[in-house]
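> got a predicted structure plus its sequence, pasted below:
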2 protein chains.
Amino acid sequence: MNARSGQRLARLQEALSRGGTLPLTEAAKLCNVSEMTIRRDVAASDGSVKFLGGHLIMAEDPLYRPVYNLDEEQGSHALVKQCLCQRAAALIEDGDTLFIDCGTTLMPLIEALDRDMTLTVVTYALNVGNAVSRLPNVRLLLLGGLYYSSSMSFGGDEMDAAIRRLGINKAFISAAGLHAGRGASCFHFHEVAPKQAAIASAMQRILVIDDSKLDVIRPAFFASLDSFDIIITNGEAGLALQESHQGVAAGPQILLA
Amino acid sequence: MNARSGQRLARLQEALSRGGTLPLTEAAKLCNVSEMTIRRDVAASDGSVKFLGGHLIMAEDPLYRPVYNLDEEQGSHALVKQCLCQRAAALIEDGDTLFIDCGTTLMPLIEALDRDMTLTVVTYALNVGNAVSRLPNVRLLLLGGLYYSSSMSFGGDEMDAAIRRLGINKAFISAAGLHAGRGASCFHFHEVAPKQAAIASAMQRILVIDDSKLDVIRPAFFASLDSFDIIITNGEAGLALQESHQGVAAGPQILLA
DNA sequence: CAAATAATGTTATATATTTCACAAAATATA
DNA sequence: TATATTTTGTGAAATATATAACATTATTTG
């Protein structure tokens, strides 16, 4: 990078500082040089500006960008989770206050929310918070605390009490395992308190869990099967669960997506 | 434009709502459809999203941009803010517990953090939380509550007490205005409590503010000039402030970046 | 001022993206 | 259930963009 190149880059950055894009042809005119020279300038720069389709744009710092994860875990079961969440979203009514649990299972639920409904979402998950923060008609209550990157969620002593103070209509709970006898379990112990608090204080408790997690046990148990009003699942194992609960008055309603 | 197309577009707009670009391949995966379908959706849309070099971007039309976009503010003084934050980062020591205020001013501070230091960061800002959540050596304490999209931060009754319980070494505070007589002010009233709590409980209070905000008054005052130990600023107005505090024993130390 | 070096411009080539036309699938309608 | 309609997927052709090699123009330096 030479002396003039730096000056040109500064000029281009200024032009881009308001956002938007600058066509390469415009950039070349602006600096009174050829398009090739602009290309070379950008290539030699620190990466603050870059090319995209013949236009210059400000490079977005990945550090600033919220985690919008379509991670590996989600990838394989993405379709299933989407189906489960569509079923779950149908339960939501205008004005509801929802609790949305951490993990990737319930992310499609946020996408499936009716944009015209006025809702309040309570969560202790950063990924959920990020997604919900973009929805204009949804009030977001993020329960903070110490961040656990393994589950992209927060934990802390006051969380339990904070959740119990809230009037939650519907609690959408996720789990890493569900066993007919032992109940629902998760990987991380800090999730237990908020999950239990949500189950305890919500009017309606809905477990959303795909069939790969049925008949599975994970280190931290947090609720019995009967703690839930509705369990939304799928597959063979889901059908088996549904049939075993046929006619049982007290237990949860099993919905297959 | 058909019914599903609208849903997909809404999802894509959400993914793009904070700026940045989304590769067509990612967009297709996100919606579980082919790239061609995404192309058709975008073509049939009202123009709020468009293509550029195989990536989706938000159209620069201000009509479609978020009502109150902090990104714009960030761009304009990005270079200045980076300098200020570099100066600020030099004050940080291994093992420190830092309070980082909301807004865009202190975002470059996160970038400037020494990756080898073990730190704890306390914040009530979602954008700060997102950025810090990616740093492996930094413990993140995000103070949650009701989300205010205008400042990308949280507010709530318990925040004040929560902050006062913490042992904060250094509080990095931002402001929308600083006036020699009236002190520091910000736009949003919900920021007052956490800012004041941080100032009250921190060992060292550092105000980071660019010169465009000097001699400016904003609706919510939160601290007098003397509340700060260090003020990091720049420019002519910064120099004037520094000279007026020359030899004053009690007041804050003014650093120019 | 001429040789050497650096910077820029031009052209051709390689690569990627966009468009188009049609086939396949899904959905709606009779 | 069969038929029409809509929606989506695929691959080839057209277009645009990115890269690389070399020619040209400035700039420096002895």
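Received it, and whenever you're ready, just let me know what you need. This is a predicted model, so every value here is computed, not measured. Residues are numbered from 1 along each chain as shown, chains lettered A, B, ... in the order given.
> how many residues are close by the residue in the stretch 151-257 of chain A that DNA strand C sits nearest to?
Residue of the stretch 151-257 of chain A nearest DNA strand C, by Cβ to the nearest atom of the strand: residue A:257 (14.5 Å). Every C-beta, even on glycine, is put in place using the N, C-alpha and C of the backbone. Neighbour count of residue A:257, defined by other Cβ atoms under 10 Å in any protein chain shown: 19.
> got it, and residue A:140?
Residue A:140 has 25 neighbours, counted by other Cβ under 10 Å.
> excluding sequence neighbours, find me the nearest residue to whichever residue of the stretch 1-150 of chain A sits closest to DNA strand D.
Closest approach of the stretch 1-150 of chain A to DNA strand D (Cβ to the nearest atom of the strand) occurs at residue A:54, with a separation of 3.1 Å. Leaving aside its sequence neighbours, residue A:54 sits nearest to residue A:24 (Cβ to Cβ, 6 or more residues apart in numbering or on different chains; 5.1 Å).
> for the one you found, what are its contacts?
A:35, A:38-39, A:51, A:54-56 (Cβ atoms under 8 Å, 6 or more residues apart in numbering or on different chains).
> which SS class is residue A:20?
Recorded secondary structure, residue A:20: coil (DSSP: H, G, I helix; E, B strand; the rest coil).
> what pLDDT is listed against it?
Residue A:20 carries a pLDDT value of 71.
> state the distance from it to chain B.
Distance from residue A:20 to chain B, counting by Cβ to the nearest Cβ, to the nearest Å: 4 Å.
> equivalent analysis for residue A:107, please.
11 Å.
> count of residues packed around the closest residue to chain B within the stretch 101-250 of chain A?
Across the stretch 101-250 of chain A, the shortest distance to chain B (Cβ to the nearest Cβ) belongs to residue A:144, at 2.9 Å. Residue A:144: 29 surrounding residues under other Cβ under 10 Å.
> check contacts around it.
Applying Cβ under 8 Å, 6+ apart to residue A:144 gives the contacts A:124, A:154, A:156, B:124, B:129, B:141-145, B:154.
> residues of chain A that sit close to DNA strand C?
Those residues of chain A that sit near DNA strand C, judged by Cβ under 7 Å from any atom of the strand, are A:2-5, A:33-37, A:40, A:53.
> try 6 Å
Neighbours of DNA strand C within chain A, by Cβ under 6 Å from any atom of the strand: A:2, A:4-5, A:33-34, A:36-37, A:53.
> of those, grab the buried ones for ChimeraX.
Selecting the buried subset of the residues of chain A next to DNA strand C in ChimeraX, with 16 or more other Cβ atoms under 10 Å in any protein chain shown as the burial test, is done by:
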select /A:5,33,37,53
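> redo the residues of chain A next to DNA strand C as a markdown table? Include pLDDT, distance to residue A:185 and secondary structure.
Below are these laid out as a markdown table (pLDDT from 0 to 100; distance: Cβ to Cβ, whole Å; DSSP: H, G, I helix; E, B strand; the rest coil):
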| residue | pLDDT | distance to residue A:185 | secondary structure |
| --- | --- | --- | --- |
| A:2 | 69 | 62 | coil |
| A:4 | 71 | 64 | helix |
| A:5 | 78 | 59 | helix |
| A:33 | 82 | 63 | coil |
| A:34 | 83 | 64 | coil |
| A:36 | 85 | 61 | helix |
| A:37 | 88 | 61 | helix |
| A:53 | 83 | 48 | coil |
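> need the residues of chain A next to DNA strand C in JSON lines with distance to residue A:226, can you?
As requested, the residues of chain A next to DNA strand C are arranged in JSON lines below (distance: Cβ to Cβ, whole Å):
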{"residue": "A:2", "distance to residue A:226": "73"}
{"residue": "A:4", "distance to residue A:226": "74"}
{"residue": "A:5", "distance to residue A:226": "69"}
{"residue": "A:33", "distance to residue A:226": "73"}
{"residue": "A:34", "distance to residue A:226": "73"}
{"residue": "A:36", "distance to residue A:226": "71"}
{"residue": "A:37", "distance to residue A:226": "71"}
{"residue": "A:53", "distance to residue A:226": "56"}
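> just say helix, strand or coil for residue A:191.
Assigned by three-state DSSP, the conformation of residue A:191 is helix.
> thinking it is in contact with residue A:154, fair?
No. Shown here, residue A:191 and residue A:154 do not form a contact pair, counting by Cβ atoms under 8 Å, at 10.0 Å.
> how about the strands in the stretch 101-250 of chain A?
A:119-123, A:138-142, A:145-148, A:153-155, A:170-173, A:177-179, A:183-186, A:204-208, A:220-223, A:230-233 (DSSP state E, counting those that start in this stretch).
> hey, which of those strands is tucked in deepest?
Neighbour counts (mean count of other Cβ atoms under 10 Å in any protein chain shown) averaged over each of these peak at strand A:170-173, with a mean of 26.
> so what does that one touch, helix or strand wise?
With contacts taken as 3 or more Cβ pairs under 8 Å, 6 or more residues apart in numbering or on different chains; DSSP states H and E, strand A:170-173 sits against strand A:97-100, helix A:192-201, strand A:204-208.
> turn these into JSON lines, columns for distance to residue A:216 and mean pLDDT.
Shown next, in JSON lines, are the helices and strands packed on strand A:170-173 (distance: least, Cβ to Cβ, whole Å; pLDDT from 0 to 100):
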{"stretch": "strand A:97-100", "distance to residue A:216": "22", "mean pLDDT": "98"}
{"stretch": "helix A:192-201", "distance to residue A:216": "16", "mean pLDDT": "97"}
{"stretch": "strand A:204-208", "distance to residue A:216": "13", "mean pLDDT": "98"}
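> residue B:243: which of these is closest?
helix A:192-201 (53.0 Å; Cβ to Cβ).
> what lies in contact with that closest one?
With contacts defined as Cβ under 8 Å, 6+ apart, helix A:192-201 is touched by A:99, A:101, A:122, A:124, A:143, A:155, A:159-161, A:163-164, A:166-168, A:171, A:173, A:186, A:205, A:220-223, A:227-228.
> looking at the contacts of residue A:24, which are in helices?
Of these, the ones assigned to helices by DSSP state H are A:35, A:38-39.
> neighbours of the closest residue to residue A:50 other than its chain neighbours, just the number please.
Ranked by Cβ to Cβ, 6+ apart and with sequence neighbours excluded, the top spatial neighbour of residue A:50 is residue A:59, at 4.8 Å. The tally of other residues near residue A:59 (other Cβ under 10 Å) stands at 18.
> distance check, residue A:59 against residue A:13.
Using Cβ to Cβ, to the nearest Å, residue A:59 is found at 10 Å from residue A:13.
> who touches both of those two?
With Cβ under 8 Å, 6+ apart as the test, residue A:59 and residue A:13 both reach A:48-49.
> still on that earlier bit, neighbour-wise, which of the contacts of residue A:24 leads?
residue A:38 leads the contacts of residue A:24 on contacts (other Cβ under 10 Å) with 26 neighbours.
> mind showing which ranges of the stretch 1-150 of chain A have poor pLDDT?
For the stretch 1-150 of chain A, the stretches with pLDDT under 70 are A:1-3, A:14, A:17-19, A:60-79.
> can you map out the helices along it?
Counting by DSSP state H, counting those that start in this stretch, the stretch 1-150 of chain A has helices at residues A:3-16, A:24-31, A:35-44, A:72-89, A:107-112, A:126-132.
> what's the most far-flung residue of chain A relative to its centre in contact with, if anything?
Farthest-out residue of chain A from its mean C-alpha position, per Cα atoms, centre = their mean: residue A:32, at 46.4 Å. Taking Cβ under 8 Å, 6+ apart as the definition of contact, residue A:32 has no neighbours.
> the residue nearest to residue A:57 when sequence neighbours are not counted: neighbouring residues, count only.
Closest residue in space to residue A:57, ignoring its immediate chain neighbours: residue A:21 at 5.0 Å, by Cβ to Cβ, 6+ apart. Per other Cβ under 10 Å, the neighbour tally for residue A:21 reads 24.
> which among the residues of chain A next to DNA strand C gets closest to residue B:177?
Closest approach to residue B:177 among the residues of chain A next to DNA strand C (Cβ to Cβ): residue A:5, at 37.4 Å.
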